[in-house]
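Visitor: Provided below for reference: sequence and predicted model.
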Amino acid sequence: MPKHGKKYLEAAAKVDRETLYTPEEAIKLAKETAPAKFDETVELHLRLGIDPRHSDQQIRTTVLLPHGLGKTVRVLVFAEGEAAKLAQDAGADYVADDEMIARIANEGWTDFDVVLAIPDVMRKIGRLGKVLGRKGLMPNPKAGTLVQPEDIPRAIEEARAGRIEFRNDKTANVHVPIGKASFSEAQLLGNMAAVMDTVRRSRPAAAKGTFVRRVVISTTMGPGIRVELNAALAMTTSA
């Protein structure tokens, strides 16, 4: 059993492990039980009724968080010619040339948060799959990160505004950041509602039985807080 520090234990004592809290109660409690001195990330954890061994039951999608994530998002774009100029003009942090591609491949450099690419350059970056794939950064049409040149400015703007990708892991769980502990309760509830709405709409046709089985909120260093399932599923993006 891992040993927890005094601050964690004090925070955990405020959470009843048997209680299912409303989303509003859970968010309030998460803010109160963030024990670290830094501004912790608030995370939403969902247990799904899928079999992740089957490709037709995988969840991989994106959500635009209405209140962002409270951090600076560094965007790298793989593009050439006019598309590269479009990316530069739209404020991309990096427009990858051959030298940058080699740096990623040889040094494992990944000092960026979002990767966008146009279809024409995918032939060049296929070899970066091991580096980018490991961090979930490989451009993909499902994630909205493989885009046509004319869509680059919009994609950069949305990435900065709070568009994030999430997918299930091997244990059928999904983990999604929804903001910082310093956010207001209304901001965190709005972001949580956007995620819940996206998850509901992402149910694979092959999934059987109850799709969302458990909802938990926690902060980076704080205890898990169980959320009443029906209340979480009833959230709308107007929350």
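Guide: Perfect, thanks for sending it. Numbering: from 1, shown residues only.
Visitor: so what's the residue of the chain most remote from its centre scoring on pLDDT?
Guide: Distance from the centre of the chain peaks at residue 81, with 30.8 Å (Cα atoms, centre = their mean). Note on residue 81: pLDDT of 93.
Visitor: outside of stretch 118-129, which residues touch it?
Guide: By Cβ atoms under 8 Å, 6 or more residues apart in numbering, the residues outside stretch 118-129 that reach it are 78-80, 83, 96, 98, 101, 104-105, 117, 132, 138-139, 146-149, 152. Yep, even glycine has a C-beta here, placed from its N, CA and C like the rest.
Visitor: in helices, which of these appear?
Guide: Using DSSP state H, the subset of the contacts of stretch 118-129 located in helices is 83, 98, 101, 104, 105, 132, 152.
Visitor: could I get the buried residue list for the helix or strand of the chain with the lowest mean pLDDT?
Guide: Using mean pLDDT, DSSP states H and E, helix 6-12 stands out as the lowest-scoring helix or strand of the chain, at a mean of 75. By 16 or more other Cβ atoms under 10 Å, the buried positions in helix 6-12 come out as 8, 11.
Visitor: in this protein, which spans are helices?
Guide: Under DSSP H, the chain gives helices at 6-12, 23-32, 81-89, 98-107, 122-125, 129-134, 152-161, 185-201, 229-233.
Visitor: which elements pack onto the third one?
Guide: When contacts are defined as 3 or more Cβ pairs under 8 Å, 6 or more residues apart in numbering; DSSP states H and E, helix 81-89 sits against strand 94-96, helix 152-161.
Visitor: of all these, which lies closest to residue 11?
Guide: The closest of those to residue 11 is helix 152-161. By Cβ to Cβ, the value is 31.2 Å.
Visitor: give me the contact list for the closest one.
Guide: Contacts for helix 152-161 (Cβ under 8 Å, 6+ apart): 64, 68, 73, 75, 77, 79, 83, 86-87, 89-92, 113-114, 116, 118, 144-145, 147.
Visitor: just the ones of those in strands?
Guide: Here DSSP state E is the test, and those give 64, 75, 77, 114, 116 as lying in strands.
Visitor: was I right about the third one contacting residue 100?
Guide: It stands for residue 77. No - proximity of residue 77 to residue 100 does not meet the contact threshold set by Cβ atoms under 8 Å, at 10.5 Å.
Visitor: so those two - more neighbours on which side?
Guide: Taking other Cβ atoms under 10 Å, residue 77 and residue 100 do not tie; residue 77 has more neighbours (29 against 14).
Visitor: roughly how far does that one sit from residue 55?
Guide: Separation of residue 77 from residue 55 (Cβ to Cβ, to the nearest Å): 29 Å.
Visitor: also residue 147?
Guide: 24 Å.
Visitor: what about the two, which has more around it?
Guide: A count of neighbours by other Cβ under 10 Å puts residue 147 above the other of residue 147 and residue 55, at 21 against 8.
Visitor: okay, that one: pLDDT?
Guide: Looking at residue 147, its pLDDT is 94.
Visitor: isn't it right up against residue 114?
Guide: No - Residue 147 lies out of contact with residue 114 (Cβ under 8 Å); the separation is 11.5 Å.
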